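> Got a predicted structure plus its sequence, pasted below:
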Amino acid sequence: MLNRSLTLKLLPLVIVLAEALPINSPAYGQIIRPIPPQPESFQERMRQQQEERAQQTQEQLRETWLRQNLQQQLQQDFTRQRQELIRQQQFRLQQQETRLQQQQFTRQQQLRIQDQQLRQDQQIRQQQQFRLQEQIRQQELRQQKGNL
């Protein structure tokens, strides 16, 4: 009963204060804002501080683990990319070496073909020269027979 009568007496005062204070007033916030619970004892404060430290330590460990994990992942990615680059370079070098070998083979073939053509040309010239000499000799023989 006493609480009820006290509440009824205080209610008009609260209404007056609520209307008098604007909502964005610091005093309004202090009236409405609940008071955070205070630690009951030194032991409770110590327990809370230990929990906070433990939580901070866990967060720091987690952040460290995440950083290390990220760093390891980046290192693995870098290593993979580097190996891929090396593989590509080796492949290009092999292709270049193969092209050079093909070019060298082609040059050797061309030289062989030129050699064969030169020999054939020489043989043809020798045969032509031999025929020409034979023709000249035959003509000379005919002329000698004709002169006789």
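Okay, I see it. In this text the structure is predicted, and so the values were computed from the model without any measurement.

> Can you report how many residues lie near Gln48?
Around Gln48 there are 11 other residues, counting by other C-beta atoms under 10 Å. From N, CA and C alone the C-beta is placed, and that goes for glycine too.

> so which strand or helix has it?
helix 42-147 (DSSP states H and E).

> Got the confidence number for the residue nearest the centre of the chain?
Centroid-nearest residue in the chain, with C-alpha atoms, centre = their mean: Gln81, separated by 5.8 Å. We have a pLDDT of 97 for Gln81.

> if I look at it, how far off is Lys145?
The gap separating Gln81 from Lys145 is 95 Å, by C-beta to C-beta, to the nearest Å.

> again, but for Arg119
38 Å.

> low pLDDT regions in this structure?
For the chain, the stretches with pLDDT under 70 are 1-4, 6-8, 10-11, 13-14, 16-40, 148.

> Now do Leu141 against Ser41, distance only.
Computed as C-beta to C-beta, the Leu141 to Ser41 distance reads 148 Å.

> Ile113 now?
Relative to Ser41, Ile113 is positioned 106 Å away (C-beta to C-beta).

> quick one: contacts for Arg119?
Not one residue lies near Arg119 by C-beta atoms under 8 Å, 6 or more residues apart in numbering.
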